[in-house]
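Chemist: The following comprises the amino acid sequence and a computationally predicted model.
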Amino acid sequence: MSAVSAQTPPPVKPLSSKDVRRGDTRMAIAAREDLAGEMIYSQNCYDVVGRGFSWGKLDECGGFDAAASLALGDEVPPGAGKEVAWFESEAGAGRYLKAATAAGLDADAATSGSQRSSRLSPRAIRRRM
């Protein structure tokens, strides 16, 4: 028998608008550091989720990425290709879904129109603003 026992994932909680807004607020602060600073914040946010999962923190990370994707606009700063690719909406949704399904959310439920990932799209974030 192993000294480390398997951990059961936390129960799935509904998407938290409060946590999504917290991510959006943190994006506004991180934007002062340019795209590289935003990317570092996003990476650190998902690192925290990986070390000690919580649905609220995941929603914050997803809200941050969706707000950053929305803020990109059409003009890409020179030399920021890596950062722009990080915040493309499909890349952000992929990170979010990977973490959510690792925590026990059914992949079909995560991707259906009324569920978590669609409510974190940049278009959905824009409607809340």
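Modeler: Looks like it came in fine. Numbers count the residues shown, from 1 in each chain.

Chemist: quick one, phi/psi of residue 105?
Modeler: The phi/psi pair for residue 105 (degrees, to the nearest 10) reads phi -80, psi 130.

Chemist: So it versus residue 24, what's the distance?
Modeler: Distance, residue 105 to residue 24, by Cβ to Cβ, to the nearest Å: 22 Å. Every residue, glycine included, has its C-beta placed from N, CA and C.

Chemist: Please apply the same query to residue 18.
Modeler: Distance, residue 18 to residue 24, by Cβ to Cβ: 11 Å.

Chemist: now swap in residue 47 and tell me
Modeler: From residue 47 to residue 24 the distance is 20 Å (Cβ to Cβ).

Chemist: and what of residue 52?
Modeler: 22 Å.

Chemist: out of those two, which sits in the busier spot?
Modeler: Remark: of residue 52 and residue 24, residue 24 carries more neighbours, 20 against 7, as counted by other Cβ atoms under 10 Å.

Chemist: Show me what counts as buried in the strand or helix carrying the more buried one.
Modeler: Per DSSP states H and E, residue 24 falls inside helix 17-30. By neighbour count with 16 or more other Cβ atoms under 10 Å, helix 17-30 contains the buried residues 19, 20, 21, 22, 23, 24, 26, 27, 30.

Chemist: Which one of those residues is nearest to residue 61?
Modeler: residue 23 (6.3 Å; Cβ to Cβ).
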